[in-house]
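Visitor: Quick one: sequence and predicted model below, then my questions.
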Amino acid sequence: MAEILGKKTGYCRGKGGSMHIADFSVGILGATAVVGAGIPIATGAGLSIKLRGTHQVVAGFFGDGASNQGTFHESINMAAIWSLPVIFVCENNLYAMGTRQSMVMKIESISERAVAYGIPGVTVDGNDVLAVYEATQNAVNHARDGEGPTLIECKTYRHKGHSRFDPATYRPKEEVEEWLKRDPIPRFKAELRKMQLLTEQEAKRIEQAVVSDVEQAVKFAAESPYPAPEEALENVYR
């Protein structure tokens with residue numbers, strides 16, 4: 001939250017903003033505003049893992065629109081021929097900003113493209129927590145066994161527009177209403193209740209804890225100082 005507000009206490013000391021957050025301590029190598037730019041970074045991280053001989057696996061996240069970028073094809077091809085431990089995760093919300101997938105692709109599922117690179121490709125309901133977990137676990141095991149990358153397509157949907165300035169009028173009202181019924185949070189909560197792994201009281205306690213964490217983060221960010229002008233070139237590659 002401090003980084004989003006451009007504060008000195010942010011992950012990138014206020015110089016990354018909402019679109020360039022990185023935190024190496026927990027394995028986040030950095031987000032980028034350039035569409036598809038994170039895909040080759042994930043591949044490079046995968047090569048590093050293989051050269052260092054560690055048991056790590058890297059996950060690279062991107063949208064359906066990014067799968068039409070050259071970086072997508074070049075990176076997955078390289079990861080495939082070198083059997084790199086990379087999971088390419090496509091969060092397909094059906095619209096690349098405002099362009100529907102069917103307008104720019106002849107295929108229904110982006111995971112079909114995995115065939116061209118000789119790697120596993122799987123499409124899952126991106127709003128089903130357990131389905132995503134299972135697909136990811138399989139991909140992790142595949143990578144750690146030295147079998148190389150996997151392309152996972154998670155079909156999901158945005159609750160709002162591409163940004164707060166986007167009214168998303170290009171999406172049919174009925175389509176939005178139908179997808180909102182599939183919100184993964186209440187859906188997973190109901191599943192846990194059905195499995196008798198979560199009570200309503202426990203669910204409320206979790207929700208209250210999350211709200212408290214967010215409020216504390218906002219307070220911390222609001223009270224944090226901005227970077228001083230003389231710090232403008234510190235911690236910046238040049």
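Guide: Noted; the coordinates are in hand. Just so you know, these numbers come straight off a predicted model, no measurement behind them. Residues are numbered from 1 along each chain as shown.
Visitor: Show me where the chain has its helices.
Guide: The residue ranges that make up the helices of the chain, judged by DSSP state H, are 38-52, 70-81, 129-144, 173-180, 184-194, 200-223.
Visitor: The most centrally placed residue in the chain bridge partners, please.
Guide: Geometric centre of the chain, nearest residue: residue 61, 4.2 Å, by CA atoms, centre = their mean. Applying DSSP bridges to residue 61 yields these beta-bridge partners: residue 89.
Visitor: got the contact list for it?
Guide: Going by CB atoms under 8 Å, 6 or more residues apart in numbering, residue 61 touches 38, 89, 91. The way it works is simple: take the backbone N, C-alpha and C, and place the C-beta from them, glycine included.
Visitor: and the gap between the last one and residue 55?
Guide: Distance, residue 91 to residue 55, by CB to CB, to the nearest Å: 26 Å.
Visitor: contacting residues around the residue nearest to residue 64 when sequence neighbours are not counted?
Guide: Distances taken as CB to CB, 6 or more residues apart in numbering put residue 92 closest to residue 64, at 4.2 Å, once the chain neighbours are dropped. Contact criterion CB under 8 Å, 6+ apart gives 63-64, 101, 110, 126, 153-156 as the residues in contact with residue 92.
Visitor: do residue 174 as well
Guide: With contact set as CB under 8 Å, 6+ apart, residue 174 has no partners.
Visitor: ok, now which ones touch residue 234?
Guide: The contact partners of residue 234, taken as CB under 8 Å, 6+ apart, are residue 13.
Visitor: Just read off the phi/psi values of it.
Guide: Backbone torsions of residue 234, given as degrees, to the nearest 10, read phi -80, psi 140.
Visitor: ok, it to residue 34 distance?
Guide: Spatial separation of residue 234 from residue 34 under the definition CB to CB is 24 Å.
Visitor: quick one on the thing from earlier: how close does the residue nearest to residue 64 get to residue 155?
Guide: For residue 92, the distance to residue 155 under the criterion CB to CB works out to 5 Å.
Visitor: Likewise for residue 41?
Guide: Taking CB to CB as the criterion, residue 41 is separated from residue 155 by 24 Å.
Visitor: who's more crowded, these two?
Guide: residue 155 (20 against 17; other CB atoms under 10 Å).
Visitor: That one against residue 128, yeah?
Guide: No. Using CB atoms under 8 Å, residue 155 makes no contact with residue 128, being 9.7 Å away.
Visitor: and the closest residue to residue 41 other than its chain neighbours, how many neighbours?
Guide: The shortest distance from residue 41 to any non-neighbouring residue, by CB to CB, 6+ apart, is to residue 29 (6.1 Å). Residue 29 has 16 neighbours, counted by other CB under 10 Å.
Visitor: check contacts around residue 29.
Guide: 22, 41-42, 45.
Visitor: CSV for those residues, including distance to residue 74 and pLDDT?
Guide: Below are the contacts of residue 29 laid out as CSV (distance: CB to CB, whole Å; pLDDT from 0 to 100):
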residue, distance to residue 74, pLDDT
22, 23, 89
41, 13, 96
42, 12, 97
45, 15, 97
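Visitor: Going by distance to residue 177, which of the residues you listed wins?
Guide: residue 42 (34.7 Å; CB to CB).
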